[in-house]
Structures are given as C-alpha cells and as structure tokens.
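Novice: Fold the following, please.
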Amino acid sequence: MAPLSRRGLWWNGALLFCALFVSYGEALPFRWASVYGDHMVLQQAPHRAVLWGLGDPGSNVTVKISPGNSMHKTVNSEAGVWKVTLDPMKAGGPYTVTAIQYFKPITPLQEEIRLVNVMFGDVWICSGQSNMQFTVMQGFNSTEEILAASDYPDIRLFTAGLVGSDTPLTNLERVEQPWAVASSASVGGGMWNYFSALCWFYGRDLYDSLHYPVGLVASSFEGTPIEYWSSPEVLAECNVTRTLPTRDKLPWDLPKHISMVSGDNQNSVLWNAMIHPFLNMTIKGAIWYQGESNAGHPDSYLCLFPSMIDSWRHSWYEGTGGQTDPTFPFGFMQLSGNVAGSTNLGYPEIRWHQTADYGYVPNPKMENVFMAVAMDLWRPDSPWLTVHPQDKQDMGTRLALAARAVVYGEKVNFQGPFPSNIEMGVNYTLTVKYGVPIAIRATDGFEVCCSSEFDACDAATSTWVPAPMVSNSTNSMDFVTVGTDKCQKIVTAIRYAWRETPCRFKLCPVYSNEPMGEPLPAPPFWMPLRLPQG
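Specialist: Numbers count the residues shown, from 1 in each chain. So this is what the prediction gives:
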C-alpha cells in the first residue's frame with residue numbers, strides 16, 4: 001500500500017477527532033465558570049481556593065499552577081462540570097493557572113485553557129441595592145479618586161451583571177465587568193455601571209492596612225428589598241408568604257437592559273441569579289448596603305437579615321466543600337438618611353433590626369458581624385437624590401475600620417459610643433452613661449416615652465417627647481444628662497437618633513472622643529425604663 005500523503009494523514013486525524021465526538025455525544029465547550037478570569041484574586045491560605053468549569057462529560061481534567069509544582073486532577077461529571085480544590089496558597093503572585101482536558105477515551109487529545117496574572121489574597125463580596133451599586137464616578141472627588149486607582153494594582157475588581165432568575169443558577173448569566181486590575185478605566189466605568197464606590201473604598205482601605213492582594217466582587221441591584229436576596233428557605237423560616245411587587249423604580253433609567261423574571265413574585269430572584277453562582281468560589285467575607293426598600297415594611301427585617309446572613313454562610317460553606325468559613329465575616333452599612341424632617345419611622349426601625357435589636361454588632365445573635373454608622377453622612381445636596389449620599393469614602397473607611405478590628409484582630413477603635421447604663425437623676429433628668437470619652441456636636445436627638453401606664457410604650461398609651469441635653473460631663477466626658485420635664489406621666493423608655501434623617505452632615509449629637517483615631521458617631525438605640533415622673 002502506498003504511504004498516505006500529508007493531506008491524507010490530516011484527513012484521517014480529522015475523521016478520528018470527529019468520530020470521538022459522534023461516539024460520545026456532542027462535547028461541551030471547555031471553559032472556566034464565568035466568575036473566574038484573568039487578573040482575578042483567589043482566596044489565600046489557610047483557605048483553599050476552589051476552581052470549576054464546564055467541559056466534555058466524563059473527561060479527565062488536570063489543573064496546574066505556575067510557578068510551582070501544584071497539580072490537581074478531577075473528572076468531569078456527566079453533567080459536564082469539573083471542579084478542583086487547590087492547595088493553600090500564601091498571598092501573592094502573579095500566577096498562571098492552566099486547566100487541561102483529556103478527551104476520553106484517547107488521552108493524547110487534549111485542550112487547554114488558562115488564567116493569567118492571578119493573585120492570591122482575600123476575596124470580598126459586595127452586595128445590596130443602589131447605595132452599593134452607586135459608583136465611584138458618582139461620588140465626591142470622583143476625578144481624583146479615579147485617577148488614583150492605578151496606585152493599587154494588587155486590588156482586582158469584578159462586577160456581576162444585573163439579572164434575575166426564578167430558579168437558582170449555577171453559572172453567572174451576565175458579567176458587567178470581567179476581572180480587572182484596579183485602574184482609572186476599571187474603577188471609573190460610568191454611572192451605575194462600575195465600580196461600586198463603597199466596595200472600592202472599603203477594599204482600598206483594607207489594602208492599605210493588609211498590604212496584600214484584595215479581590216472585590218460587586219453584585220448589587222438598585223431598588224431591591226432583602227426578600228429578593230434571600231433563599232426560599234429563609235423566607236419560609238421568617239414566615240414571609242406574601243409576594244413582593246417588581247423592584248422599586250428610580251426616577252432615571254439605568255444605562256443598560258435589566259432582566260428580571262416575569263410575573264408578580266420576585267422573591268429570591270437575586271439570590272438565584274446574583275448570589276447562587278458565586279457559591280462555589282471560596283471567599284473571605286461579604287459586605288452589604290441595603291434596607292431602604294424595606295423601610296415600608298420594616299418588621300420582617302428583624303428575622304430576614306440575620307437569617308439571610310446565616311443562609312449565605314451555610315451555602316458558601318457547602319458550595320466550597322468547607323473551604324469558606326461557616327461563619328465568614330459579614331459587614332454592613334447601617335442606613336444613612338433620606339428626607340429631612342420626615343417622621344416616618346421605617347428607617348430607624350430598619351437600623352435597629354439590622355443589629356437584631358441590640359444596637360451594636362457583633363452580638364450574641366450576630367457573631368462575626370461588623371457594621372459602620374452612616375446616618376450622619378447624609379447631605380441635602382446629593383444630585384442622586386438624598387437617599388444616595390455621595391460620601392462613600394467615609395463609609396468605606398468606617399466599614400474597613402470595623403473589619404480590621406473584628407476580622408483581622410487589629411487593636412483599633414471601630415465603634416461609636418453605646419450606653420453602658422442609664423440612671424435617674426434629680427429635677428426630671430436622666431443620665432446616659434457611655435463609659436468611654438465622648439464628644440458633643442449637638443444637644444438634641446434624645447426622646448423619652450411618656451406613658452400613662454408602667455411597662456408600656458405603645459401608641460395607645462404613650463407618646464414620645466424630646467429630651468434635650470441639659471448638661472454633659474466636662475471632666476471625664478463620658479456621659480450626657482437629658483431633661484424629661486416635658487413628660488408629666490411615666491417615663492418608660494428612651495431612644496436616640498430615632499428619625500429617618502437624624503442630623504446634618506457629621507453633626508449628630510454624640511461621637512467617640514478617643515485620643516487616637518477618627519471620631520465615630522454613636523449608633524441609634526432604644527432602651528426600656530421604669531422611672532415614675534411627676
């Protein structure tokens with residue numbers, strides 16, 4: 001027989017390759033899951049990063065990391081999904097991650113895909129509604145902040161596209177911003193597009209403290225209530241049976257098409273589409289800015305918020321095979337203000353419920369949770385409506401400060417003063433003791449519940465009346481005294497900053513006054529009392 005020509009050899013090889021796919025069904029494209037990409041950050045040690053993707057069902061996949069000798073093998077499931085858990089890697093890089101698929105049953109046939117310029121560090125999810133989606137370009141000093149972003153090449157950014165689903169998605173359906181090195185282009189991607197201002201300033205302040213790579217994943221959607229971000233199991237646990245209407249509408253159009261599901265029931269649609277696809281990716285923690293869209297029905301937030309946190313933690317732990325901490329750190333911004341002079345109590349009730357009615361975090365119901373107060377960062381001149389404060393720099397700094405203390409164990413003051421004791425004084429006064437040095441910037445903000453019955457503070461028997469400061473300590477500066485003479489009945493409770501918009505910009509009444517560190521506003525509180533008056 002005459003030897004085959006080169007063309008004949010090529011043709012036979014092509015037929016063999018085609019026969020492979022005819023025999024074993026149509027091969028799926030070999031690729032990474034859409035949450036991975038060049039320039040990304042993978043979670044560092046002691047955690048083990050998880051990588052996954054799609055490929056030919058039943059084929060063998062090997063993942064290699066270079067430089068180094070790390071190699072991991074797995075087999076594609078019959079659904080065409082492969083998944084590997086890497087060895088613990090110290091912070092640093094860059095690395096190249098190569099995945100090789102060996103087609104069955106003939107191992108010489110293979111296909112490679114790579115991730116380049118990959119770093120190991122801490123990965124944070126940033127989620128919520130419009131105040132998290134609000135971009136650097138929309139905030140204070142945007143031009144300077146965007147230009148300065150190039151000074152942080154070890155911070156890497158990713159933004160999920162806006163989409164909903166009535167069933168849980170395994171792979172992220174839309175990517176607004178693939179993984180990118182921090183730069184003027186990747187931070188200044190436009191209004192409502194990318195990059196999230198709060199997420200950026202939080203990550204930037206963390207990096208200035210940690211000095212190793214930080215990955216920031218923004219997955220937020222304007223005008224959405226917590227029910228959209230909660231799994232059906234959380235909604236059932238909290239007895240949320242009613243369906244919510246489609247998302248609240250803002251008075252402008254976002255510069256992109258937004259896909260939500262059809263029908264009236266939008267519950268869980270963002271849990272399905274914008275959180276569930278990340279559950280197989282190992283993370284360090286998450287931060288959250290949401291609650292405005294729940295101010296019209298605040299009562300359910302008391303159950304929903306802690307339950308959602310627990311659900312996210314459990315789901316990430318399960319999804320990464322135990323590589324994400326089962327109680328990973330979760331931070332949030334307490335709501336800022338909105339309408340000046342409003343007597344609507346939805347906002348203060350959400351703020352209170354954000355702490356599981358303790359007034360502070362961490363607490364016994366919300367372990368490894370941290371927060372920052374934002375009610376004093378409201379300004380009436382925001383061009384994006386007063387519900388959207390432009391000062392996301394201070395928000396990011398305060399939230400990063402709390403993370404440095406709660407998550408990373410730094411000895412820094414991260415909380416505003418919270419009352420340690422309240423005592424009855426003379427001449428119809430109450431003394432609010434903080435136990436730490438405080439600074440006074442205004443003399444209002446306190447109210448007492450004036451009731452006709454002991455142990456009662458409800459609309460049928462009581463009214464809230466102002467309790468202005470009559471003095472504060474000039475020596476130790478650790479308490480304030482408020483007057484209750486406007487109540488001639490029974491003072492049964494006291495509350496502080498219980499307004500939708502409690503104060504002007506950085507002029508709430510009580511702040512911390514530590515010798516080191518920035519002054520931090522005292523959070524709102526509500527406390528029962530049993531003090532007869534009159």
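
Novice: what mean pLDDT would you report for stretch 438-453?
Specialist: Regarding stretch 438-453, the rounded mean pLDDT is 95.

Novice: actually stretch 394-414, not the one I wrote
Specialist: Model confidence over stretch 394-414 averages 97 on the pLDDT scale.

Novice: which residues touch that stretch?
Specialist: Outside stretch 394-414, the residues that touch it by CB atoms under 8 Å, 6 or more residues apart in numbering are 197-198, 200-206, 209-210, 284-285, 287, 289, 329, 331, 333, 362, 368-374, 377, 389, 415, 512, 514, 516-518, 520. In this view, the C-beta of every residue, glycine as well, is placed from N, C-alpha and C.

Novice: Tell me how far that stretch lies from the chain's centre.
Specialist: With CA atoms, centre = their mean, to the nearest Å as the basis, stretch 394-414 stands 15 Å off its chain's centre.

Novice: hmm, back to that, so among the contacts of stretch 394-414, which ones count as buried?
Specialist: 197-198, 200-206, 210, 284-285, 287, 289, 329, 331, 333, 362, 368-374, 377, 389, 415, 512, 514, 520 (16 or more other CB atoms under 10 Å).

Novice: Those in helices, which ones?
Specialist: For those, membership in helices holds for 197-198, 200-206, 210, with DSSP state H as the criterion.

Novice: for these, which one is nearest Met89?
Specialist: When those are ranked by distance to Met89 (CB to CB), Leu210 comes first, at 15.8 Å.

Novice: so who does the closest one touch?
Specialist: Taking CB under 8 Å, 6+ apart, one finds 121-122, 408 in contact with Leu210.

Novice: Take the residues you listed and write them to a markdown table, including neighbour count.
Specialist: Compiled in a markdown table, those are given as follows (neighbours: other CB atoms under 10 Å):
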| residue | neighbour count |
| --- | --- |
| Gly121 | 25 |
| Asp122 | 24 |
| Tyr408 | 15 |
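
Novice: Which of those residues fall within strands?
Specialist: In strands, defined here by DSSP state E, the members of the contacts of Leu210 are 121-122.

Novice: want to throw the contacts of Leu210 into TSV with distance to Thr85?
Specialist: Supplementary listing: the contacts of Leu210 in TSV, determined by distance: CB to CB, whole Å:
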residue	distance to Thr85
Gly121	18
Asp122	18
Tyr408	24
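
Novice: if I read this right, Thr320 contacts Arg313, doesn't it?
Specialist: No: the criterion here is CB atoms under 8 Å, and Thr320 misses it with Arg313 at 11.3 Å.

Novice: more crowded one of these two?
Specialist: Neighbour totals were compared for Thr320 and Arg313, and Thr320 leads with 24 against 20 (other CB atoms under 10 Å).

Novice: what about Asp455, how many neighbours?
Specialist: Around Asp455 there are 11 other residues, counting by other CB under 10 Å.

Novice: Checking it next. Helix, strand or coil?
Specialist: Following DSSP: H, G, I helix; E, B strand; the rest coil, Asp455 is assigned to coil.

Novice: Make sure it is actually in contact with Ile490.
Specialist: No: assessed by CB under 8 Å, Asp455 is found out of contact with Ile490, at 9.1 Å.

Novice: where in the stretch 401-534 of the chain is pLDDT low?
Specialist: In the predicted model of the stretch 401-534 of the chain, residues 472-476, 530-534 satisfy pLDDT under 70.

Novice: Would you state the strands of it in chain order?
Specialist: Remark: strands assigned in the stretch 401-534 of the chain by DSSP state E, counting those that start in this stretch are 421-424, 429-433, 438-440, 446-451, 462-466, 469-472, 479-483, 490-496, 510-512, 525-532.

Novice: Ok, which of those strands comes nearest Ala79?
Specialist: Distance to Ala79, taken as CB to CB, is lowest for strand 525-532 among the strands of the stretch 401-534 of the chain, at 51.1 Å.

Novice: Count residues in the vicinity of Asp151, would you?
Specialist: Using other CB under 10 Å, Asp151 is surrounded by 10 other residues.

Novice: Now do it against Trp32, distance only.
Specialist: When CB to CB, to the nearest Å is the yardstick, Asp151 and Trp32 sit 29 Å from each other.

Novice: what stretches of this structure score poorly on pLDDT?
Specialist: Counting by pLDDT under 70, the chain contains low-confidence ranges at 1-27, 104-108, 243-264, 472-476, 530-534.

Novice: who touches the nearest residue to Thr282 once chain neighbours are set aside in this structure?
Specialist: Leaving aside its chain neighbours, Thr282 sits nearest to Gln43 (4.0 Å; criterion: CB to CB, 6 or more residues apart in numbering). By CB under 8 Å, 6+ apart, Gln43 lies in contact with 49, 120-123, 281-284, 323-324.

Novice: which among the residues you listed gets closest to Val217?
Specialist: Val123 (6.7 Å).

Novice: ok, now how distant is Glu423 from Gly416?
Specialist: To Gly416, Glu423 is 21 Å away according to CB to CB.

Novice: Those two: who's more crowded?
Specialist: Regarding Glu423 and Gly416, a neighbour count based on other CB under 10 Å identifies Gly416 as having more, with 22 against 13.

Novice: I'd say that one and Ala522 touch.
Specialist: Yes: the criterion here is CB under 8 Å, and Gly416 meets it with Ala522 at 4.3 Å.

Novice: Quickly list what's touching both of the two.
Specialist: 373, 510-512.

Novice: Helices of the stretch 301-450 of the chain, start to end?
Specialist: In the stretch 301-450 of the chain, the segments counted as helices under DSSP state H, counting those that start in this stretch are 301-319, 346-354, 392-406.

Novice: Of all these, which one comes closest to Ser59?
Specialist: Comparing those under CB to CB, the one sitting nearest is helix 301-319, at 22.9 Å.

Novice: Go through that closest one and flag the buried ones.
Specialist: Applying a neighbour-count criterion of 16+ other CB under 10 Å, one finds 301-313, 315-317, 319 buried in helix 301-319.

Novice: ok, now stretch 502-509?
Specialist: Residues of stretch 502-509 classed as buried by neighbour count (16+ other CB under 10 Å): 502-503, 508-509.

Novice: and which of these is nearest to Leu86?
Specialist: The closest of the buried residues of stretch 502-509 to Leu86 turns out to be Cys508 (CB to CB; 46.4 Å).

Novice: OK, contacts around that closest one?
Specialist: By CB under 8 Å, 6+ apart, the residues touching Cys508 are 375-376, 441-442, 445, 497, 502, 521-522.

Novice: go on, Gly93?
Specialist: For Gly93, the contact set (CB under 8 Å, 6+ apart) comprises 117-120, 213.

Novice: Now the residue nearest to Thr282. Its backbone dihedrals?
Specialist: phi -70, psi 130 (degrees, to the nearest 10).

Novice: partners of the strand or helix carrying Ala180, with directions?
Specialist: In the assignment (DSSP states H and E), Ala180 maps to strand 175-181. According to DSSP bridges, strand 175-181 has the following sheet partners: strand 155-160 (antiparallel).

Novice: And the strands in the stretch 151-300 of the chain, which stretches?
Specialist: 155-160, 175-181, 214-220, 285-289.

Novice: how many neighbours does the residue nearest to Ser315 when sequence neighbours are not counted have?
Specialist: Setting aside the residues directly before and after it, Ser315 is nearest to Leu279 in space (CB to CB, 6+ apart), at 5.3 Å. Neighbourhood size, Leu279 [other CB under 10 Å]: 19.

Novice: Tell me how many other residues surround Thr167.
Specialist: Counted with other CB under 10 Å, residues neighbouring Thr167 total 10.
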